[in-house]
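Colleague: Return atomic coordinates for the entry below.
(2 chains)
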Amino acid sequence: MLAGLARQGVELPSACQAGACHTCLLRAESGDPGEDGRRGLKPTLAASGYFLACQARPVTDLRAAVAGPDVITPARVERRWWLGPRVLAVRVRPRQPVEFRPGQHVTLHRGNGIIRVYSIANRPGQARRDGLEFHVRVYPGGQMSEWLAGAAPGTGVGLGVPAGHCFYLPGQPAAPLLLAGTGTGIAPLLAIAADARAAGHRGPVTLLHGAAEPARLYLGEHTPPGLAGAGIRWRACVQSRGEDIAEAAADELAAQPDPAAARAYLCGGRGSVTRTKRALFLGGMSLASINADEFAPAAAS
Amino acid sequence: MVMTSDPRPLYDRLGGKPAVDAATEIFYRKVLADPVLSPYFDGVDMERQVAKQAAFLTMALGGPNHYTGKDLRAAHAHLPGIGDEHVDMVIGHLAQTLRELGVAEPDIKAAGAVATSVRDEVLGR
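Modeller: As a prediction, the model looks like this:
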């Protein structure tokens, strides 16, 4: 449906076009968008007529509107600060609590149809206290990111419904956990790792942060203070030093006492996620134990 | 050892879908680790690929499948330079996978024969 509309000259906001990011969420006012468009949506959303334009193949006439205030929570920018070159931390306080699982992502709405997807970097308890935290890569001319970099505290934004399947599930508390993220893909992994420990996960937890060059390791070379004491191993992988995150992840897997029992969480750009997934699979992991969240570039709008 | 005196198809004797899903991962891992075959799988969606491999194994093991020559032709048509040697390698990895799972040689041979029966579709002949 998204492609069909684009052919008619109607450009909807979209990003992943794979049903994951929920940027293209629409609500049917009349007609049936069909089952494909509802797959993966929260049942409450689907029951209210919501569907994803990128997945929907409606077979009947359909009247639809963009997601409205019933699913977009008004929020305010509370604080923002630089974490490193071109990486901004932004805390956003919603008017009502937004429920999510650590590791999920949410659409951020600037208004005038500008929507971007960000992973949530903190956990629900922290988010209730401090607001939801995002790590935002700031692109020159970025319609959301550069605007956020200049947004004064108190600036109004909207938050969509958190989505995504990359989160910790209790069970097998002794399994090794491998979390590998490139760029700001590390942000949701911080939340997942902390969540696993808080849920009593006692197996080894390893976080790998991939960056193109040393300056882009915006959390530093070593375990960030927030995770110190949680027994989390930290490994920086810098491309310009010849360190490859997929190889490093495979090394870490091979060093585990029971690699076949490991569970992995991968976030970041498609290329590195795909290569890391393949390396872990070849290292003996089942695909079912690998959770991946690929960051899709925003479609030009 | 998977018994050959049992008259059911190998698919059922191995343990049906769950067993074939497990065998698929072993098989796919061998294919991906093969330096000649692996470049053909660069950039493919692994979950989708595993589903296709499972369909292939299901067919080769005599299980319920909807594999058609048309699908096979379309799926391999864009792959540059594939030939009989690639098909042989894939069948070799299938045989080795089954061997590791304790399947007897006559059954491995039979599975290989089913796999080789679609060779012309795969190679677009």
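Colleague: Show me the strands in chain A, by range?
Modeller: A:25-30, A:50-52, A:63-66, A:73-84, A:87-94, A:105-111, A:114-119, A:132-137, A:156-159, A:177-182, A:205-211, A:232-238, A:263-269, A:290-295 (DSSP state E).
Colleague: nearest to chain B, of those strands?
Modeller: Proximity to chain B, assessed across those by C-beta to the nearest C-beta, is greatest for strand A:290-295 (8.6 Å). For the C-beta atoms, the positions are set from N, CA and C on the backbone; glycine is no exception.
Colleague: does that closest one come close to chain B?
Modeller: No. Judged by C-beta under 8 Å from any C-beta of the partner chain, strand A:290-295 makes no contact with chain B; its nearest approach is 8.6 Å.
Colleague: Between strand A:132-137 and that strand, find me the angle.
Modeller: 70 degrees (axes from the mean of the first three to the mean of the last three C-alpha atoms, to 10 degrees).
Colleague: Can you pull the residues of chain B lying near chain A?
Modeller: So chain B meets chain A at B:Glu25, B:Tyr28, B:Arg29, B:Leu32, B:Ala33, B:Gly43, B:Met46, B:Glu47, B:Val50 (C-beta under 8 Å from any C-beta).
Colleague: Return the distance of the helix or strand of chain A with the lowest mean pLDDT from the chain's centre.
Modeller: The helix or strand of chain A with the poorest confidence is helix A:43-47; it has a mean of 82 (mean pLDDT, DSSP states H and E). With C-alpha atoms, centre = their mean, to the nearest Å as the basis, the distance from the averaged C-alpha position of helix A:43-47 to the chain average is 21 Å.
Colleague: any residues touching it, and which ones?
Modeller: Residues from elsewhere that reach helix A:43-47 (C-beta atoms under 8 Å, 6 or more residues apart in numbering or on different chains): A:Leu25, A:Arg38, A:Val71, A:Val161.
Colleague: Stretch B:77-95 too?
Modeller: Taking C-beta under 8 Å, 6+ apart as the rule, stretch B:77-95 contacts B:27, B:30-31, B:34, B:36-37, B:40, B:57, B:60, B:76, B:108, B:111-112, B:115-116, B:119, B:122-124.
Colleague: buried stuff in it?
Modeller: By neighbour count with 16 or more other C-beta atoms under 10 Å in any protein chain shown, stretch B:77-95 contains the buried residues B:Ile82, B:His86, B:Val87, B:Val90, B:Ile91, B:His93, B:Leu94, B:Ala95.
Colleague: out of those residues, which one sits closest to chain A?
Modeller: Of those, the one sitting nearest to chain A (C-beta to the nearest C-beta) turns out to be B:His93, at 13.4 Å.
Colleague: Tell me the confidence at the most centrally placed residue in chain B?
Modeller: Central residue of chain B (C-alpha atoms, centre = their mean): B:Leu57, 4.2 Å from the mean position. Per-residue confidence (pLDDT) for B:Leu57: 90.
Colleague: could you measure it against B:Leu101, distance?
Modeller: Going from B:Leu57 to B:Leu101 by C-beta to C-beta, to the nearest Å gives 11 Å.
Colleague: same check, this time on A:Ala262
Modeller: 22 Å.
Colleague: Same question for B:Gly92.
Modeller: On the measure of C-beta to C-beta, B:Gly92 and B:Leu101 end up 15 Å apart.
Colleague: cool, A:Gly181 as well?
Modeller: 36 Å.
Colleague: follow-up on the earlier one: weed out the non-buried ones from the contacts of stretch B:77-95.
Modeller: B:27, B:30-31, B:34, B:37, B:40, B:57, B:60, B:76, B:108, B:111-112, B:115-116, B:122-123.
Colleague: quick one: which of the contacts of helix A:43-47 is most hemmed in?
Modeller: A:Leu25 (26 neighbours; other C-beta atoms under 10 Å in any protein chain shown).
Colleague: Double-check it against A:Gly160; I have them as touching.
Modeller: Yes. Between A:Leu25 and A:Gly160 there is a contact under C-beta atoms under 8 Å: 6.8 Å.
Colleague: per-residue pLDDT, the residue nearest to A:Pro140 when sequence neighbours are not counted?
Modeller: Nearest residue to A:Pro140, sequence neighbours excluded (C-beta to C-beta, 6 or more residues apart in numbering or on different chains): A:Glu146, at 6.9 Å. On the pLDDT scale, A:Glu146 is placed at 96.
Colleague: now the one 5 residues further on
Modeller: pLDDT, the model's per-residue confidence, is 96 for A:Ala151.
Colleague: residues in contact with it?
Modeller: Contacts of A:Ala151 (C-beta under 8 Å, 6+ apart): A:Val77, A:Arg80, A:Val90, A:Val157.
Colleague: and those, which two are the farthest apart?
Modeller: A:Arg80 and A:Val157 (11.5 Å; C-beta to C-beta).
Colleague: between these two, which one's more packed in?
Modeller: Taking other C-beta under 10 Å, A:Arg80 and A:Val157 do not tie; A:Val157 has more neighbours (22 against 19).
Colleague: Pretty sure that one sits against A:Thr73.
Modeller: No. At 9.6 Å, A:Val157 does not count as touching A:Thr73 under the criterion of C-beta under 8 Å.
Colleague: now, which of the residues of chain B next to chain A lie within helices?
Modeller: Using DSSP state H, the members of the residues of chain B next to chain A that fall in helices are B:Glu25, B:Tyr28, B:Arg29, B:Leu32, B:Ala33, B:Met46, B:Glu47, B:Val50.
Colleague: sorry, back to before: between A:Ala262 and B:Leu101, who's got more neighbours?
Modeller: Using other C-beta under 10 Å, the more surrounded residue of A:Ala262 and B:Leu101 is A:Ala262, with 25 against 17.
Colleague: Now do the domain split for chain A, please.
Modeller: Chain A breaks down into these domains under automatic domain parsing: A:2-66, A:73-159, A:177-295.
Colleague: most packed of the ones you listed?
Modeller: Across the domains of chain A, averaging neighbours per residue (mean count of other C-beta atoms under 10 Å in any protein chain shown) puts domain A:177-295 on top, at a mean of 20.
Colleague: hang on, the earlier thing: so which of the strands of chain A gets nearest A:Ala6?
Modeller: Per C-beta to C-beta, nearest to A:Ala6 of these: strand A:25-30, 13.8 Å.
Colleague: Send over the least confident helix or strand of chain A as CSV, restricted to the C-alpha atoms.
Modeller: This file holds the C-alpha atoms of helix A:43-47, laid out as CSV (Å, rounded to 0.1, in the frame of the first residue of the first chain):
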residue,chain,number,x,y,z
PRO,A,43,-3.5,-6.4,19.6
THR,A,44,-5.1,-3.3,21.1
LEU,A,45,-3.8,-1.2,18.2
ALA,A,46,-5.0,-3.7,15.6
ALA,A,47,-8.4,-3.8,17.3
